[in-house]
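Novice: Let's see this in three dimensions:
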Amino acid sequence: MSKVEFEIIINPNFMIGIRDPEDTTISEALDNRLVNNQHFTMKWHDTSLRINYGTQIADGIIDVVRMLEAIKKREERFVVTFPSQAFFETWICKIGKSNINVKWDSRDDYQSITMKTDLFIKEWLKLLQQLRQVLIEAGYNGTNLVDFDLLENLERFHS
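Specialist: Okay, the predicted model is just below:
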């Protein structure tokens with residue numbers, strides 16, 4: 001069995017709480033006191049990173065979706081920049097025949113990963129599917145969040 005290069009471990013107890021009628025974006029819906037105390041884990045080689053659902057990934061949702069779209073379009077090389085102040089990171093991604101190579105450009109001490117593209121997509125979809133479900137359970141949808149469409153039809157990213 002091969003070593004896991006990259007894995008996203010979602011928090012199965014993650015929840016948002018009650019919908020705030022003033023929220024108009026996914027980022028706003030995820031930016032509240034309850035969410036800001038909850039984390040998921042990203043494993044990169046032998047390193048585990050705790051990433052906050054609110055302050056660290058809320059602003060990066062659009063970048064995750066753009067990354068998945070670039071993979072689906074089979075863009076040979078692309079750069080992903082997560083804009084969060086707490087998680088400002090840049091990844092350089094290269095697509096091969098069936099693999100993706102990701103180099104963490106903003107951290108010198110992180111080696112690159114190479115893994116099957118479909119497994120990489122699967123890891124990110126776990127997180128996006130969870131976000132979609134939790135937002136729906138809190139009463140959010142395409143009517144009250146202008147960017148909710150980012151989380152709709154996630155099946156479009158399956159190969």
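Novice: surely D63 meets T81?
Specialist: Yes: between D63 and T81 a contact is recorded at 6.6 Å, counting by Cβ atoms under 8 Å. In short, each C-beta sits where N, CA and C put it, glycine included.
Novice: So the two - more neighbours on which side?
Specialist: Legend: neighbour count by other Cβ atoms under 10 Å for D63 and T81, higher for D63 (17 against 13).
Novice: gap between stretch 123-135 and the chain center?
Specialist: The gap between where stretch 123-135 is centred and where its chain is centred comes out at 8 Å by Cα atoms, centre = their mean, to the nearest Å.
Novice: how about it: buried residues?
Specialist: 123-125, 127-128, 130-132, 134-135 (16 or more other Cβ atoms under 10 Å).
Novice: same deal with stretch 45-56?
Specialist: So, applying 16+ other Cβ under 10 Å, buried residues of stretch 45-56: 51-56.
Novice: Repeat that for stretch 68-82.
Specialist: Using 16+ other Cβ under 10 Å as the test for burial, stretch 68-82 gives 68, 70-71, 78, 80, 82.
Novice: Endpoints of that stretch, how far apart?
Specialist: Stretch 68-82 has an end-to-end distance of 14 Å (criterion: Cα to Cα, to the nearest Å).
Novice: which residues make contact with that stretch from outside it?
Specialist: The contact list for stretch 68-82 (Cβ atoms under 8 Å, 6 or more residues apart in numbering) reads 57, 59-60, 63-64, 66-67, 88-95, 100, 105, 117, 120-121, 124-125, 156-157, 159.
Novice: Give the buried subset of these as a PyMOL selection command.
Specialist: Paste this into PyMOL to select the buried members of the contacts of stretch 68-82, with burial taken from 16+ other Cβ under 10 Å:
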select buried, resi 57+59+60+63+64+67+89+91+93+95+100+117+120+121+124+125+157
